[in-house]
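# Here is a sequence together with a model predicted from it:
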Amino acid sequence: MKLRRWTALSMLMLAGCHSSPKRDDGLFHIVFQADWYPQPEIGGFYQAQLQGLYKAQGLDVEIVPGGPNVIGGQQVATGAAQFAMSSSDAVLVDNARGVPEVAVAATMQQDPQAIMVHENSPVHSFADLDGHSVAVKPGAIYFQYLVKRFNLRNVRETPATYSVANFVRDPDYIQQAFVTSEPYFARRAGSPVRTLLISSTEFQPYRVFFTSRQFLSAHPDIVQKFVTASIQGWKNYLADPTMVDAEIAKLNPAMSPEQMKFSIETLKSGHFIEGDGTPDSHLGHFLVDRWNRTYQQLLDLGVIPHPLDPSSAYTTRFAP
């Protein structure tokens, strides 16, 4: 995306984030832009909504489903949403392009993004990808990192289809995947798989939710309330997903109970949400060193057009 487009979005953000969203009943209306369709990977936010945790904080939260063509940064920049989901590397890139987003808490301590191969594939490491075709989202930063980190001179990129149909048909097919999702569909279709987690390399961005710098400045109390309720929602959802899963089944009938069970169990077993239990890794938490490392990696890749202070892209003020 060209810089002038992001500059225009910044101007729109200045105009769109200060309207009064307080309702007649006293609740502060919040639009939260999810990054995908209703699914367990967004479950903690639905838990906070359904359980009344947002309302107890004086918030009326509307969760808007995402999808492959929805860009949360644009929604927040134009004032269409007050919060959205993303990854910490994407937030840093947006800031470098002139869109002042601020990540306020981590949705996941580790990213479930992975490369998925067939069980019998000769690819057993990222270095083995050289000479193969990989279906990924065009411009994916993590894939640019893999190409440079593992010196993949002959890897061929094809556009991701957000489906496993090609994977099931072709025993040599390799594609991007969330370990909480695509492996389920592939195995159900009779294709055993292996996955290579991107976070197993030194590239370890957080999954985050963010707001605009303008909204944060104008409503720090609202940001704190949203973060507090969201984190509690995630704790409660991981403890008992029953209520939210029933709601997700209504909102997204394509998602079966078996798929939801697979996603939740994978989120838990992989400690994606709350981290591995060390003092520096727990639900919602940010590490300054990790943000700095991601920023330096983006500089080295050349995906950030000019240097910036990485601390401007996040805050440790609101999460525990």
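That came through, no problem. Residues are numbered from 1 along each chain as shown.

# When you work out contacts or count neighbours from here on, use the C-alpha atoms and nothing else.
Noted.

# roughly how far apart are the nearest residue in space to Asn166 that is not next to it in sequence and His271?
Nearest non-adjacent residue to Asn166, counting by CA to CA, 6 or more residues apart in numbering: Tyr173, 7.1 Å away. Using CA to CA, to the nearest Å, one gets 28 Å for the distance from Tyr173 to His271.

# quick one: Gly131 is in a helix?
No - under DSSP: H, G, I helix; E, B strand; the rest coil, Gly131 sits outside any helix and is assigned coil.

# Pull the contacting residues for it.
By CA atoms under 8 Å, 6 or more residues apart in numbering, the contact set of Gly131 is 152-156.

# Could I get the pLDDT score of it?
Predicted confidence (pLDDT) for Gly131: 97.

# cool, Ala15 as well?
The model reports Ala15 with a pLDDT of 41.

# What average pLDDT does the longest strand belonging to the chain get?
Criterion DSSP state E: the longest strand present in the chain is strand 101-108. Averaged across strand 101-108, the pLDDT comes to 98.

# Quick check: Gly43 vs Asp94, distance?
In terms of CA to CA, Gly43 sits 26 Å off from Asp94.

# Which of these two has more residues huddled nearby?
Gly43 (24 against 20; other CA atoms under 10 Å).

# residues contacting that one?
By CA under 8 Å, 6+ apart, the contact list for Gly43 reads 234, 237, 241, 244-245.

# And the next helix or strand past the lowest-mean-pLDDT helix or strand in the chain?
None of the helices or strands of the chain scores lower by mean pLDDT, DSSP states H and E than helix 3-16, at a mean of 42. Downstream of helix 3-16, the first helix or strand assigned by DSSP states H and E is strand 28-33.

# Just the CA trace of that following strand, in CSV.
Only the C-alpha atoms of strand 28-33 are listed here, as CSV (Å, rounded to 0.1, in the frame of the first residue of the first chain):
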residue,chain,number,x,y,z
PHE,A,28,-19.9,3.5,25.9
HIS,A,29,-20.3,1.9,22.5
ILE,A,30,-17.3,0.1,21.1
VAL,A,31,-16.9,-1.5,17.7
PHE,A,32,-14.3,-4.3,17.8
GLN,A,33,-13.1,-5.5,14.4
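
# Now find how far off-centre the helix or strand following it is within its chain.
Per DSSP H and E, the first helix or strand lying C-terminal to strand 28-33 is helix 43-50. Centroid separation for helix 43-50 versus its chain: 16 Å, with CA atoms, centre = their mean, to the nearest Å.

# How about stretch 151-166?
That offset, for stretch 151-166, works out to 20 Å (CA atoms, centre = their mean).

# do stretch 209-217 as well
On the basis of CA atoms, centre = their mean, stretch 209-217 sits 17 Å off its chain's mean C-alpha point.

# Same check on stretch 208-224?
Using CA atoms, centre = their mean, the offset of stretch 208-224 from its chain centre is 18 Å.

# and if you look at stretch 59-71?
Worked out by CA atoms, centre = their mean, stretch 59-71 lies 12 Å from the chain centre.

# repeat for stretch 262-277
For stretch 262-277, the distance to the chain centre is 15 Å (CA atoms, centre = their mean).

# how about that stretch: buried residues?
262-264, 266-267, 270-276 (16 or more other CA atoms under 10 Å).

# next one: stretch 240-249
Result for stretch 240-249 [16+ other CA under 10 Å]: buried residues 241, 244-245, 247-249.
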